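Student: here's my sequence, what's the structure:
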Amino acid sequence: MAININKLIILLLILMGMVCYGQVRQDSVKDESSKFYNIAVNKVSDEGKWIVATKVYRNNYDSAVVLATGRSGVKSLIGTLNKKYQYSFVRGDQLLALGQGKALLWNLRTGMQKELKTGREGSESVNVLQSGVMEKGDKYFLQTSDSVLYIYDAKSALLEKVERVQYFRVSNSGSVLYIVKKSGRETQLMKYSGNKVESVYAAPGMIRSMEETPSGSFLILKEEATDEGDSNSSLQKVVLLDTKRGELVLPDIDKVRKEEYLRFTEIQNGNSIMITGMIHVPAEKGTVDIWYGNDGNLEAKQEGSFVNRYWIWKKDGNKLMRVPSDRFSTVISLNNPDYFLMFNREELQNYSTLFPLIHGFLYDRKKETYEDLGIMQAELSVSDRGSHFVFKNKDGLWVLVDTETFRKIMLEKKDLTRAYFSPDSRTIFFENSSDLWKYEINKGQFTALNIDHENEVKVVTKDETDLYPESGYNFRKSILNVDAPLLLAVTRKGTIEKTFLKWEKGRFETLMASSASNITWYKTDESLKKAVYVEESLHFPPRIVSKEIGKEKGNIVFQSNAHDKISASIRRDVISFNSRDGVAMKGLLYYPIGYTEGKKYPMVVHIYEVQSRNPNQYLSPLNNFPVGFSIRKLLQEGYFVYLPDITNGPSGVGQSALDCVESSLDALKTHAGVDLTSVGLIGHSFGGYRTNFIAGHSHRFKTYISGAGAGDLTRMYFSYNETSSTPFYWQFEEGQYNMHASFAEDKRLYVDNNPIEYVHKVNAPMLLWTGMEDKRIVWDQTMEFYIGLKKNKKDVVALFYSGEAHVFTTGSKAEKDLELRIQDWWDYFLKGKRGISWIDKQIKKDAD
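Tutor: Numbers count the residues shown, from 1 in each chain. Now for the predicted structure:
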């Protein structure tokens, strides 16, 4: 025991030393990133005239700029706001801003600002906790810390004051304010609209929550109730407010305990509501934890399980009916009160895939019958009235089902992804890797819409409702109304470059596009005639652009990081190469800042998967992922940075990476500036695994850095992933590792791609690092690879950071420490810098 305690003390001292080292080194290095910020658009006025955007620095985000889209450059800047975090636009070109308990109203035309005072006349103003607008900015409201809600018109005249407010919400339409307030021993639901406050409902206990259905037809209240048979037990009661009629409905549900979570799924725009009750059963912790080989719900070992029950409430006749769950544990609404999808989620769960196949049944509530749908994927789209739905079968083909006749039609066209019904349920639109397709149900015919035959087309504006939100499955009501203007996104294959099209009455117009830039955020007006978006490129930092259809260029409203003079001069080549299997590949090669012809420079190679899709990314000093890998920092320190693509081939995930990386280096043999004798390889997570593997095979690299990477593929295949609460082998059979076979089917394939099998062949120094709270790639995978290197007398240093997970905490001491050590490592081995004591301790000792 004493020996173990001593080892623990030594480990703690080492960890403390690493933190101290990071602190000392950080003090001596100028942190360029402190001057840089990202830009985040908070709010755009409805007509697109005004914008509020926050400057997001590494350590704070309390500064915002207010912009006018009708102007350009410096003239667009109306002013700045500090320490405000909530923004709303009020009629009359006014901005309502809230932060640190104070509300400000700013007339953006005149420049006049005023702090909004609340409280009684002559008394000090109390803190403002919430603010917002209704009726498209004709009115605004403030809630103060003394539980008072003040409602004003756009000219700041007080319209209403409501006291003892607990919480509130603005209706989906924006025309009604629903307020829950305390009134004596009761809790009241109040409704404010049309300059009038009226009481809608009074509950004897607390109204715990309220939510509005997507159509706005109902407001759903959950209130506390008492169990008449057990005074110590708390129940909850459901109350529905018909927002159009103003009528209250109390569905007669069985006793619902306080701890039972209720989820509501609207059906046919408010004609019915499906109610799902979910009771959480915590994981048992006893003397022994028993795991069964036929268990299809291993997630319950950590997360516990759920017992569900279901009801359907029909507006017509105010009927509440129980939906049976004795045969199937999972019941999904098909947007029809009479038909449901049912299955047992655990039945086909073998953990060889993230989302298992399901054996689905169509339940007819009126006939009380179950129709077998067969084996299907967890992807389904439902029509607006619930008369039809489509699902993907196990072979990936869509199957159309008519719920009334149970007629099934298999759609033979392959490679169709998301499905959307027209509002009249006569047509289905399908996304595809090339073009958008229309299927007419009555004709049984597919037609290409001829938007783009070469690239991927996706629908941006659509009406979707998730029918099973807690599952992760793609079960949705999906509607596409082609009678209204639609926004489509066309992505050029092999890139993230997008063109956004307005589709209206069969005509397509380009609204915005990125060719030499990336569009990272956007918002359009309702008519899709103009857009506000954020774009960036390799040669300029993120900027806000306002653009109208028909105009070739947008108006640059704001340019972030105007002080950045380096990005414009960054040079990048796209390198083409072929893998040994003849697959055409690409790599991005970035040149050192201040590159001089005729001079040789060291190079850092970063690997993961396909990295060439984003050649236009802005290289901000804030970009530091994985930890310690900053392309810009390396360029400024005089390194080439190379990002070659990697794809998986039949030889396996490691062998494919080795092939792609070495082929990519072959493409640089004639490059005049790259010193191929001073090249380092770095990767994190999946890239860390590939770095470990390549280190045991390649002779091209002078050193390696591997972060949180797998060292023993076989052990990981048969391990349990606490992050996903599943065995790990699905990641190998269909996930990221994509080995094309199970371990039992091809053991040789796994051995041939296992880094630990070749650890004795590593011939260059390695730096390994991991977080000791990593539950994705457990930290002892790094320890195992370190032990293998140590056993074979290889030069290795391993860094174990306590308290850190797979991705380090931003701004943490560990993050700063690792960043400095990685830079030290490159400088030591690729530039020949000496006198770095923590590296010398390994290398000089080894040399002795």
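Student: and Glu431, what is it in contact with?
Tutor: By C-beta atoms under 8 Å, 6 or more residues apart in numbering, Glu431 lies in contact with 416-419, 456-459. (C-beta placed from N, C-alpha, C; glycine too.)
Student: including distance to Gln823 and neighbour count, could those go into TSV?
Tutor: Below are these laid out as TSV (distance: C-beta to C-beta, whole Å; neighbours: other C-beta atoms under 10 Å):
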residue	distance to Gln823	neighbour count
Leu416	48	21
Thr417	43	16
Arg418	44	18
Ala419	50	26
Glu456	39	18
Val457	44	24
Lys458	40	16
Val459	45	19
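Student: closest to Phe743 out of those?
Tutor: Using C-beta to C-beta, Thr417 comes nearest to Phe743 of these, at 30.8 Å.
Student: what's the spacing between the closest one and Lys458?
Tutor: 8 Å (C-beta to C-beta, to the nearest Å).
Student: Leu334 too?
Tutor: On the measure of C-beta to C-beta, Leu334 and Lys458 end up 25 Å apart.
Student: show me the two of the contacts of Glu431 that sit farthest apart.
Tutor: Ala419 and Glu456 (15.4 Å).
Student: the domain parsing of this structure - what is it?
Tutor: The chain breaks down into these domains under automatic domain parsing: 90-204, 213-285+301-323, 570-847.
Student: just those domains: most buried one?
Tutor: domain 570-847 (a mean of 19; mean count of other C-beta atoms under 10 Å).
Student: pLDDT on that domain, on average?
Tutor: For domain 570-847, mean pLDDT rounds to 95.
Student: cool, stretch 381-393 as well?
Tutor: On average, stretch 381-393 scores 96.
Student: contact partners of it?
Tutor: For stretch 381-393, contacts defined as C-beta under 8 Å, 6+ apart pick out 267-269, 334-337, 339, 360, 373-377, 379-380, 398-404, 410-411, 418-421, 423-425, 428, 441, 467, 476-479.
Student: now Ile593: phi and psi?
Tutor: phi -60, psi 130 (degrees, to the nearest 10).
Student: Asn82 contacts Asp62, doesn't it?
Tutor: Yes. At 5.9 Å, Asn82 and Asp62 qualify as touching, with contact defined as C-beta atoms under 8 Å.
Student: between those two, tell me which one has more neighbours.
Tutor: Remark: of Asn82 and Asp62, Asp62 carries more neighbours, 15 against 9, as counted by other C-beta atoms under 10 Å.
Student: contacts for stretch 361-368 next, please.
Tutor: So stretch 361-368 is contacted by 312, 321, 323-324, 328, 331, 334, 337-343, 369-373, 401, 403, 406 (C-beta under 8 Å, 6+ apart).
Student: pull out the buried positions in it.
Tutor: Neighbour counts over stretch 361-368 (16 or more other C-beta atoms under 10 Å) mark 361-363, 365 as buried.
Student: from the residues you listed, which ones fall inside strands?
Tutor: In strands, defined here by DSSP state E, the members of those are 361-363.
Student: any idea which of these is closest to Arg507?
Tutor: Looking across those and measuring by C-beta to C-beta, the closest to Arg507 is Leu362, at 39.4 Å.
Student: what separation do you get for that closest one and Met766?
Tutor: 57 Å.
Student: now Tyr828
Tutor: For Tyr828, the distance to Met766 - C-beta to C-beta - is 13 Å.
Student: how about Gly216?
Tutor: In this view, Gly216 and Met766 are 60 Å apart by C-beta to C-beta.
Student: which SSE is Arg544 in?
Tutor: Wrong residue type there; residue 544 is Ile, not Arg. strand 540-548 (DSSP states H and E).
Student: which element follows that strand toward the C-terminus?
Tutor: Next along the chain from strand 540-548, counting by DSSP H and E, comes strand 555-559.
Student: what packs against the following helix or strand past that next one?
Tutor: Downstream of strand 555-559, the next assigned helix or strand under DSSP H and E is strand 572-578. Under the contact criterion of 3 or more C-beta pairs under 8 Å, 6 or more residues apart in numbering; DSSP states H and E, strand 572-578 touches strand 584-590, strand 640-644, helix 653-666.
Student: contacting residues for the residue most central in space within the chain?
Tutor: Among the residues of the chain, Gly472 comes closest to the average C-alpha position under C-alpha atoms, centre = their mean, at 12.7 Å. Shown in contact with Gly472 (C-beta under 8 Å, 6+ apart): Phe355.
Student: again with the one 3 residues further on
Tutor: Taking C-beta under 8 Å, 6+ apart as the criterion, Phe475 is in contact with 332, 341, 378-380, 466-468.
Student: tell me the one of these nearest Lys55?
Tutor: Asp466 (33.8 Å).
Student: state the distance from that closest one to Met376.
Tutor: 18 Å.
Student: which of these two has more residues huddled nearby?
Tutor: Met376 (18 against 13).
Student: before we move on, the earlier item: what's the strand holding Ile544 packed up against?
Tutor: strand 37-44, strand 507-513, strand 530-537, strand 555-559.
Student: which neighbouring elements make contact with the helix or strand following the second one?
Tutor: Going down the chain from strand 507-513, the next helix or strand is strand 518-524, by DSSP H and E. Here strand 518-524 touches strand 37-44, strand 498-504, strand 507-513, strand 530-537, going by 3+ C-beta pairs under 8 Å, 6+ apart.
Student: in the third one, which residues are buried?
Tutor: This means strand 507-513. Within strand 507-513, the residues that count as buried by 16+ other C-beta under 10 Å are 508, 511-513.
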